Each structure stands twice: as C-alpha cells, then as structure tokens.
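>>> with the sequence up front, the predicted model follows.
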Amino acid sequence: MSYITNEAYYENNGQSPEDKNWGSYQYVSLNDIVGNFMLMYQGNHEIINNLNRYKVLFHAKRGIQELNYDAMKQIKILQLVVDSQIRFTLPPDYVNYVRMSLFENNTLFPLTENIQTMFSQSYLQDNSAKILFNADGSATLDPENSLVDLARQAGGMQTLYLGPGPYNNQMGWCCNGEWYFEYGIGDRFGMNTETANINPTFTIDKQTGAIYFSSGMSGKSVVLEYITDGMENGNDTDISVNKMFEEYLYAYIRYSILNNKFGVQEYVVNRARKDKSSLLRNAKIRLSNIKPGRLLMNMRGRDKWIK
C-alpha cells in the first residue's frame, strides 16, 4: 500500500470515518499482492510467463481464504439480542464460530453447543396426519408448526444439560427424563459430565443460517465471536492480509499456477510446494505471540491450589 501522512493515519484528513486508517500499516492489499506478483514473479525470464491477471487474482483470493480458515483467524465479534423465536441470525460473512457468550449483569457467560436437536421443520398435516400439498404438488415446510420448536419456545423441552428444574426453580440435572437436585450425597449419580452445564445452550443450523438457543433466552444479549473467509463481501478493494503472510501468498500463487500448468517438471512443483509450506510455518511462528509476559502468566497458573 502507499504511504500516508500522520494526519491521514490518525484523522483520515478530516473525513469520516476517522479511524479508517488505524492499524492499516500491518496489512497489504489484494491489489498490491496481485500487482507485485505480475511485476516480479512472471515474465519472459521466469518459470511462469504469459499469465493472465485474473488467474493470479483467483489464486491470491484462495490463499487469503485458506489463511483465514487456519492461520490468521482474525476474529470478528458481534453482539445481538435473541428474538422471540429464541434464535440468532448468522452474520452475512460467517464461516465458523469461535465462542458464544451470554452477556448478562456486565459479565460474559460462556455457552455450550448442544448435541441435541433444538429445532425442526414440519410438514403441514390434516387431522388424519396426512401431508397437505400445494396446487403444484409440492409439500409445505413450516418450522412454526414443529412441535420441537414450539416446546423449546414454550420452555417445556427437556434437556440433558444442567439447568433450572421444575420444582421451585431449583438447579438440577435431567437423566432419562427425570430431574434430580443437589439435596443429598449421591444425587449426582448417573449425571453425564460431558453435558453438565449451568448456562444456556445453542445449536447452529448452517442451512437456515440461524443459531437456536435453549428456552429462556428470548430478549437476552448474546456475543458471537466468529471467523470469516476475508473476502469482505466481495469487495476486492477492501481485501487485505497481514504483511507477515505476504511472501507466503506469493509462494502460494506460484505453486498453484505451476501445479495446474501442463508440462511443468515434477521437481519444480515439489520445490514450489516446499517453499509454500516453509513460508507458512515461518509466518505462523511470527504471529504466535509467544512473549515473555504471556509465558510467565502460564507458569504462574501452575501454582494454583486445587482444594
């Protein structure tokens, strides 16, 4: 990217938003990566020649996507309120979640993913349980008529997870449909420790693009931490990557082109693959943030007394 003045960096030359350029020096844009590769890594005296720009652009974007899935993991954080159907719409650039938390009483409570089904679709049926069809012969799927969804929204769906029991709102756990409470020794016999959790739970339906929560979450504030593919909703001018991965991206593009090009010797492809792998490893080490202060915190954790 081109260098900017201090005024442009701190105040964006008086334009809005003021923080547009904050931290921008850490990154190199997609256009710069493609332009640099076309200028320095292909030509008459290079292994790669007669290359179209759109091919470089394609492989550069694929490399950035792979980095976001695995190496960079630049986490986005979104806070929303759960609607009346106890669900949370996934963000448009969502790929995978990192952490889900309930924000209540100025505290973040971690939520556990539910291994049970908490949502379902249902066909419209008559009193004889026969499926009703439309004029074109198709059946109507209506999630609002699903008994699973209705039970979850009404708070009557039983769960394997630790939660409020049906007696005076005491905390307990459900085992084979029966609730048990902490009244005496041995009451926790049979509890599945894998699913023992006092906080609400959630399930993600990737096809419908929604997160479904357990009963009692309507109107609650939820914080979602997630990763994207770095494509910035298809706007190439906004796509960038950390400078520590810049050399890896050049190696990734070079390997991808050589690997799909006819007539390239195998040893050339293998050398390009090794270069790509070694540069990725080096970049991960640089961004690992292994610093003395953080190591000291981990070592202090060994002194914790377990009662």
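Ah, there it is.

>>> drop to CA atoms for contacts and neighbour counts, all remaining ones
Will do.

>>> low-confidence ranges in the stretch 201-307 of the chain?
304-307 (pLDDT under 70).

>>> could you pull out the strands in the stretch 151-300 of the chain for me?
Remark: strands assigned in the stretch 151-300 of the chain by DSSP state E, counting those that start in this stretch are 163-164, 171-175, 178-181, 201-205, 210-213, 221-227, 240-242.

>>> tell me which residue of the protein is furthest from the middle?
Relative to the centre of the chain, the most outlying C-alpha is that of Ser128, 43.7 Å out, by C-alpha atoms, centre = their mean.

>>> pLDDT value on it, please?
At Ser128, the pLDDT value in this model is 79.

>>> how about the nearest residue to Glu7, chain neighbours excluded?
Excluding its sequence neighbours, the residue lying closest to Glu7 (C-alpha to C-alpha, 6 or more residues apart in numbering) is Asn13, at 5.9 Å.

>>> can you confirm the one you found is in a strand?
No: remark: Asn13 does not belong to a strand; assigned using DSSP: H, G, I helix; E, B strand; the rest coil, it is helix.

>>> gap between Tyr250 and Gly35?
From Tyr250 across to Gly35, the span is 11 Å (C-alpha to C-alpha, to the nearest Å).

>>> for Gln65, which residues are in contact?
229-231 (C-alpha atoms under 8 Å, 6 or more residues apart in numbering).

>>> thinking again about what came up before, more neighbours, Tyr250 and Gly35?
Neighbours were counted for Tyr250 and for Gly35 using other C-alpha atoms under 10 Å; Tyr250 has more, 23 against 15.

>>> excluding covalently adjacent residues, which one is nearest to that one?
Closest residue to Tyr250 apart from its sequence neighbours, by C-alpha to C-alpha, 6+ apart: Phe37 at 6.6 Å.

>>> is it true that that neighbour touches Leu249?
No: the pair Phe37 / Leu249 is not scored as a contact, 9.5 Å apart, by C-alpha atoms under 8 Å.
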